[in-house]
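K.L.:
Below are the sequence and a predicted model; questions follow.
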Amino acid sequence: MHTRKALTNLDMLVLIFLIILAVALLLPAIGRSKGGGDTRCATNLSGIGKALNIYASQYDDHLPIFSTPSNAQWLCDESPQFASTLLNLNATSPTPLKMLYCPSNASQHPEIMSNWNNTSVWGYLILNDRGSDAKNMPQDPPTRAPPETEPADRSGRSLYYASKLNSRYFAETTLAADWIVSSTTNPAANTGNPNIKRPGPPNLTFNSSHTVQRNAAAGGNVLTLDSSVHWRTFSPATATPIKQPGPVPVYFWIPANQ
């Protein structure tokens with residue numbers, strides 16, 4: 001007759017260790033949404049949208065406009081005042097800085113990017129109107145034409161620098177999006193991790209936020225003017241490349257509705 005051997009303390013410790021290890025390995029997979037995006041990233045964009053809505057509700061639907069430094073010319077560049085205003089709208093519980101950066105992008109370092117050359121470089125592309133400073137921003141596209149004067153385009157391809165939240169095409173107008181970056185508009189080129197270096201003290205590295213095999217861009221989360229967040233699969237055939245000013249060829253891509 002065989003007797004059942006009781007678990008020793010060592011056995012219990014090994015078992016607990018294996019359970020912890022299994023949970024640690026599963027957490028990254030749990031953190032990803034069905035579309036392939038990180039749900040933490042979608043939560044960040046949703047938080048940005050809610051904060052902008054709080055601001056707009058106090059200022060007749062207008063989004064904040066702050067003067068930006070002359071070197072703030074990319075879609076991820078904002079004035080430090082814009083960032084601090086957004087993060088401190090809830091005075092009793094300020095929003096953490098990490099909300100402005102995608103958790104899936106290892107090239108984003110909030111402690112460096114939040115005050116880079118007197119500019120707040122975000123981990124997301126923001127299509128807000130910079131006012132008179134918009135002359136330093138990419139112009140083709142986006143345009144500064146208000147959506148109310150444009151023909152209906154529900155594909156998400158028409159891009160604007162938004163100044164208010166009362167757009168006629170509320171749910172289709174892109175307000176913010178993940179980084180999808182490349183050094184060329186060639187669809188066959190790697191639009192995942194080109195390791196683009198942005199000159200400055202210190203240099204910043206730009207890689208796409210959500211990548212798959214061979215570092216190709218899988219897609220990105222997009223925040224629209226109604227504060228909803230959608231995952232859009234990246235396709236060079238339908239996405240819009242936006243060239244950033246400067247001597248280094250850099251393109252940010254905005255994926256279209258599928």
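P.N.:
Yep, that arrived. Numbering: from 1, shown residues only.
K.L.:
just the helices in the protein please.
P.N.:
For the chain, the helices identified by DSSP state H occupy 9-30, 39-58, 80-87, 110-113, in order along the chain.
K.L.:
Least confident of those, on average?
P.N.:
For these, mean pLDDT drops lowest on helix 9-30, to a mean of 59.
K.L.:
Pull the contacting residues for the spatially closest residue to Gly47 that is not a sequence neighbour.
P.N.:
Once its chain neighbours are removed from consideration, Gly47 has its nearest residue in Met99; the separation is 5.0 Å (C-beta to C-beta, 6 or more residues apart in numbering). In short, each C-beta sits where N, CA and C put it, glycine included. Under the criterion of C-beta atoms under 8 Å, 6 or more residues apart in numbering, the neighbours of Met99 are Asn44, Gly47, Ile48, Leu87.
K.L.:
10 Å instead, please
P.N.:
Shown in contact with Met99 (C-beta atoms under 10 Å, 6 or more residues apart in numbering): 40, 43-48, 51, 83, 86-87, 110, 122-124.
K.L.:
so how far is Tyr124 from it?
P.N.:
Plainly put, Met99 is 10 Å away from Tyr124 if you go by C-beta to C-beta, to the nearest Å.
K.L.:
again with Thr233
P.N.:
Using C-beta to C-beta, Thr233 is found at 18 Å from Tyr124.
K.L.:
on that earlier part again, shared neighbours, Met99 and Tyr124?
P.N.:
In contact with both Met99 and Tyr124: Asn44, Leu45, Ile48, using C-beta under 10 Å, 6+ apart.
K.L.:
Thr240 and Ala256 touch, don't they?
P.N.:
Yes - using C-beta atoms under 10 Å, Thr240 is in contact with Ala256, at 6.9 Å.
K.L.:
Do you know the pLDDT at the closest residue to Ala176 other than its chain neighbours?
P.N.:
Nearest-residue entry for Ala176: Leu223, 4.1 Å, with adjacent residues in sequence omitted and distances by C-beta to C-beta, 6+ apart. pLDDT, the model's per-residue confidence, is 93 for Leu223.
K.L.:
And Ser67, by the same measure?
P.N.:
Looking at Ser67, its pLDDT is 75.
K.L.:
OK, contacts around it?
P.N.:
So Ser67 contacts Ser79, Gln81, Phe82, Arg130, Gly131, Ser132, Asp133 (C-beta under 10 Å, 6+ apart).
K.L.:
Quick check: it vs Gly200, distance?
P.N.:
Remark: distance between Ser67 and Gly200 (C-beta to C-beta) = 20 Å.
K.L.:
How about Asn44?
P.N.:
Applying C-beta to C-beta to Asn44 and Gly200 gives a distance of 24 Å.
K.L.:
Between the two, which has more neighbouring residues?
P.N.:
Relative neighbour count places Asn44 above the other of Asn44 and Gly200, with 26 against 12, counting by other C-beta atoms under 10 Å.
K.L.:
My guess is the more buried one contacts Lys98. True?
P.N.:
Yes - here Asn44 reaches Lys98: they are 7.7 Å apart, a contact under C-beta under 10 Å.
K.L.:
any common contacting residues for those two?
P.N.:
Contact criterion C-beta under 10 Å, 6+ apart; residues bridging Asn44 and Lys98 by contacting each: Gly123.
K.L.:
wait, what's in contact with the residue nearest to Ala176?
P.N.:
Contacts for Leu223 were tallied using C-beta under 10 Å, 6+ apart; they are 42, 44-49, 52, 124-127, 174-178, 229-230.
K.L.:
Buried only: go through the contacts of Met99 for me.
P.N.:
Buried members of those, scored by 16 or more other C-beta atoms under 10 Å, are 44-48, 51, 83, 86-87, 110, 122-124.
K.L.:
Take these and lay them out in CSV including distance to Pro249.
P.N.:
Formatted as CSV, the entries for the buried ones among the contacts of Met99 read as follows, by distance: C-beta to C-beta, whole Å:
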residue, distance to Pro249
Asn44, 28
Leu45, 27
Ser46, 32
Gly47, 32
Ile48, 28
Ala51, 33
Ala83, 27
Leu86, 30
Leu87, 32
Pro110, 26
Trp122, 21
Gly123, 21
Tyr124, 21
